[in-house]
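[1] Sharing a model that was predicted from the sequence below.
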Amino acid sequence: MTVPVVREATPERKAEIFGKVVADVRFQDYVHGCYECGICVAACPSARFYDFSPRKITQAVCREDLDLFWEHVNVDVWNCSQCFSCDRCPRGNSPGGLITIMREVAVTAGLRSAKEALEGGERVVYKIMSTGTQVSPDMLQPEAFPDWGPDVQDVSRNLDLWRRALPPETLHTTTTAWEIDDKTLVELYLIWHMTGVLDMIKAVDEGLHMILNDVMEELLEDHDIVVS
Amino acid sequence: MPSDTVLIIGGGPAGLTAARAVGELGGRALVVETRERLGGMPDEANYAALTPDFRPASEAVAEMVAAVEALPGVSVRTSTRVTAREGEAGDFRLTLASGEATEVVEAGAVIIATGFQHFDPGRETQMYGYYEYEDVLTLQDLEAQLKEHRVVVPSTGKAPETLCFIQCVGSRDRRIGNTWCSKVCCGIASKEAIEVKRLAPQCKVFIFYIDMRMYGFWEDQLYWKAQEEHHVQFIRGIVTEVIRRGEKLVVKGEDTTMGRPVEAPMDMVVLSVGMEPSRGTVEMSKVLGVPLESHGFIAAPGNPLDTVTTEVPGIFVAGAAAGPKDLEDTVGMAGLAAARAVALLRTAASTAQPVG
Amino acid sequence: MSSPDPNRGGPSAPSTLTAGTIPLEVVHARSFTRNPDLAPIEDIREEVLKLEAEGEWIVQRVPDDHTEVTTKYGRTKKIPNRHTWHHKSCGQCGHIPGYSTAIFWLNRELGTEYNDPRDQTSCTAWNYYASATSNAPAQAAVAMRNFAAAYETGFYPVIHCGTSYGHYKEVREELVRHPDLRAQVRDILARMNKPLVMPEEMIHYSEWIHVMRHEIRKRTVLDLSNITCVVHPACHYYKLVAEDAIYDQEIYGGQRTAIMSQLLETLGAKVADYSTWFDCCGFGFRHVLVQRDFTRSFATLRKIERMKEEANPDVTITHDTGCVTTLDKSQFAAKAHGRNVGIPVMSEAQFAALAMGAHPYRVCQLHWHSTDYRPLLEKMGIDWEKAWAEFESDLDRLRSGKTEFLTWDDANAK
């Protein structure tokens, strides 16, 4: 993996980003206090491969150590597997949940490290936001999954045929995981607009934001929906 | 007419000490015990040696029982439970049930000494496998072995080559709902670790802990002794899972001082289970109408300066019925409860009878 | 900064490894019973009903035809037997479509009415856990839009993906705890003329299979007594909001979730244990997309190789999208490096369908899987060569344009 360099920031900037994490509606549910028992690390898959510690991330936040927090919010949070094995915490913390919040704040604030971390994942973001299904059969391209072996090639070569050979009527699609109603998609776009998710995308990837906006506007206009 | 008797519920260290104190002060005490014999948890759970002095528990219990039996003012009912209470301080009427038979006795004061029970590791939210692997034991399971002067791996019958204790099982845990420290488990684990090393010197013994809570003299009597004289390894970090791999149990945790995950094969794993309010404690709260505090033990609202007075006048509490206690705390409380109870009866007697 | 050895830090494992012990064996001298009175947390379902009484939302009730099971803290959970609305999984439908097909096939064979909706989006949690380009209100609105869509059909929602299931439980907690969030989501749904609806119980499809296990057993046509399975339970099923998962004191002494294991035992297969049972599969959400070296290493070194060494199973059974994908696809590269891998991976839905005589390609669609499953089929007594020839002739018909799609009738054709 590439290790993003932690950019220097002013104490005010660090405090501002830290404040956004603490202000999140879920923060009080996810962080209580830490007596450093290490159960989160013991159960953590990422801790076995990376220099990564859900305990240290939680502890740094509890201590309000802004310098450590800054390192974590820029680098370490992206190593988390989000499996929530760490939810076993006897203090009732959710280090994984804290990391979810930290990632969201990093994205919303447009931190460069967040942009770098998201590189390569654009098409997944595009897919989910524009089609309503997260992954689609046509994403199984051999060049995207060289390590998955020649079967991916089989799938991709036979994709249309193999999709038609599925008995469930909703699964004959190749660009979406299943057939989805237009009306459903309109409702999803409405959610992205009304919850500020499109603005989050804009903060980290202007190009992607533009494409998404175009796709969505078209369908919303077809259905006479005006988004404020 | 006020009663001159102190009814003591529970025949363990707290109840026996309170009864002895009442008797020695010249009062009358009636000890009610649900088991068929006295001795309480040290007897019931086969404790081998007491913490911190390694004195055989059976010898110490026998001494406590003998002291009580030698006092003419103290009588004992075993296999008996309290099922109802009427009246008030100075003039309680308590229903005792023994098998099918019931009887109402009078008492001027009551001391609740119903103790604790060990946490059931099946409720632990870490995965310790107590109900899957017979080589996973609790502190009291190991005590039963130590009482017979042996340490063996249950599945093989051989002496263990590696053994570890896991601290804070069922204590200090919001996920389980037991947010308190049970106070004694660090000392008991260290004591048992020393006993294991004495019986099986080749065995490597580890203690996985969050904080070693070795109050006062326990520090050098147990902790340093285990570390320095017996080479017990203390690893700061708690185990999240115990699972079998081949012939061994594997414990997985983080060594937090070294900052790395640890996986270690063990022949035996001992769970340092904490204290919970005993069933008798919860039952007596209901029968006697005595409120519990927020953790579920008998409330003593005058804490910390008055550890024994409950919210019901004339009813006192001693020992682990009021929360996790070591033996020193327990017997100290029992003495104070006895003093308060006897004082109450004497005041009641002096105001009820004209001085003549 | 990263360590190449995932098992670092501890004394190494004993060199002589024996076959895994059967985990269903418990210490009979010790018996553990859950007492729901000792549950450490409030029952969120009661809060959900309280909010309904206060007019905050509608609670969709589990149909009368349901089965009760016991969950982690000894509480009772109602699992619908029939009349279910299927919240599909993008990863299953997209990349391992035999998974979804097998779930539907089981429903058809058991005659439980089901609804396979087009008015359903992904839960979007894969993206949420991978890229964080979302937020709590958006995630909650997506969930509640889908639940409202289910409610409109009258069918009860059953969730195919472990992550959707886990995430929707998170959303339920957030909505119960935070009135502002509830109000915001209610407003968003109002724009779509949809009511705010919370299901009485969150149901994962594997829980439906769990309660149907005796019905499945009755219809089993294969002898599975010589098949050794290992189980990988999904983190988002039993770790993320832990209290809803099924436990049974007869299975692992009530200490691990009984999901899948109890089904496999009922079907007559052997269930073997291995020492990384509780470990994650390594999916990682973003890792499987952009940091797959981690995913591959974890899946093979921590999971597959341990299973192989300790239990040498015929198949790995799991019950979640990411887990099937990760554990199956990661083996190719490891094999190329000469590692001790090579265990076919499938969902318990596919395995149960095979046991009931489902076609390995028309229904279970095993050609979408990577690790060689043919030795398993042979051991189960399935003639895969004949089955593949049948499927090839289906494909010929589709190629020729005689028919456009394979139908459910085709799936069961003799």
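    Everything's here; your move. Numbers count the residues shown, from 1 in each chain, chains lettered A, B, ... in the order given.
[2] which residue sits closest to residue 211, ignoring its sequence neighbours?
    No chain specified, so I'll use chain A. The spatially closest residue to residue A:211, leaving aside those adjacent along the chain, is residue A:126, at 6.8 Å (C-beta to C-beta, 6 or more residues apart in numbering or on different chains). For glycine as for every other residue, the C-beta is placed from the backbone atoms N, C-alpha and C.
[3] you looked at the wrong chain, it should be chain C
    The shortest distance from residue C:211 to any residue that is not its chain neighbour, by C-beta to C-beta, 6+ apart, is 3.9 Å, and that residue is residue C:67.
[4] Regarding that neighbour, what is its secondary structure?
    At residue C:67 the chain is in strand, as set by DSSP: H, G, I helix; E, B strand; the rest coil.
[5] Is it bridged to anything, and to what?
    The residues listed as beta-bridge partners of residue C:67 by DSSP bridges are residue C:79.
[6] So it sits against residue C:77, correct?
    No. Assessed by C-beta atoms under 8 Å, residue C:67 is found out of contact with residue C:77, at 9.4 Å.
[7] What parts of chain B come near chain A?
    For chain B, the residues in contact with chain A under the definition C-beta under 8 Å from any C-beta of the partner chain are B:125-126, B:168, B:172-176, B:210-211, B:236-241, B:252-256, B:259, B:261-262.
[8] what stretches of the chain score poorly on pLDDT?
    I went with chain A, as the question did not name one. Across chain A, residues meeting the criterion (pLDDT under 70) sit at A:1-7, A:228.
[9] I was thinking of chain C, sorry if that wasn't clear
    C:1-26, C:28.
[10] Where does the stretch 1-150 of chain B get nearest to chain C, residue-wise?
    Of all residues in the stretch 1-150 of chain B, the one sitting closest to chain C is residue B:131 (2.9 Å; C-beta to the nearest C-beta).
[11] so what's that residue closest to, chain neighbours aside?
    Spatial nearest neighbour of residue B:131, excluding adjacent residues (C-beta to C-beta, 6+ apart): residue C:253 at 2.9 Å.
[12] which SS class is the one you found?
    Of the three states, residue C:253 takes helix under three-state DSSP.
[13] Now for it, how many residues are close by?
    Using other C-beta atoms under 10 Å in any protein chain shown, the number of residues around residue C:253 comes to 24.
[14] List, one by one, the residues from chain A near chain B.
    Contact residues of chain A with respect to chain B, defined by C-beta under 8 Å from any C-beta, are listed as A:32, A:35-39, A:41-44, A:47-48, A:53, A:55, A:88-92.
[15] again, only using 10 Å
    Taking C-beta under 10 Å from any C-beta of the partner chain as the test, the list of chain A residues beside chain B reads A:32-33, A:35-44, A:47-48, A:51, A:53-56, A:85-93.
[16] buried subset of those?
    Among those, those that count as buried by neighbour count (16 or more other C-beta atoms under 10 Å in any protein chain shown) are A:36-44, A:47-48, A:51, A:53-56, A:85-93.
[17] Out of the residues you listed, which sit inside helices?
    Of these, the ones assigned to helices by DSSP state H are A:39-42, A:54-56.
[18] Please list which of the buried ones among the residues of chain A next to chain B are also close to chain C.
    Counting by C-beta under 10 Å from any C-beta, A:42-44, A:47-48, A:51, A:85-88, A:92 from these sit close to chain C.
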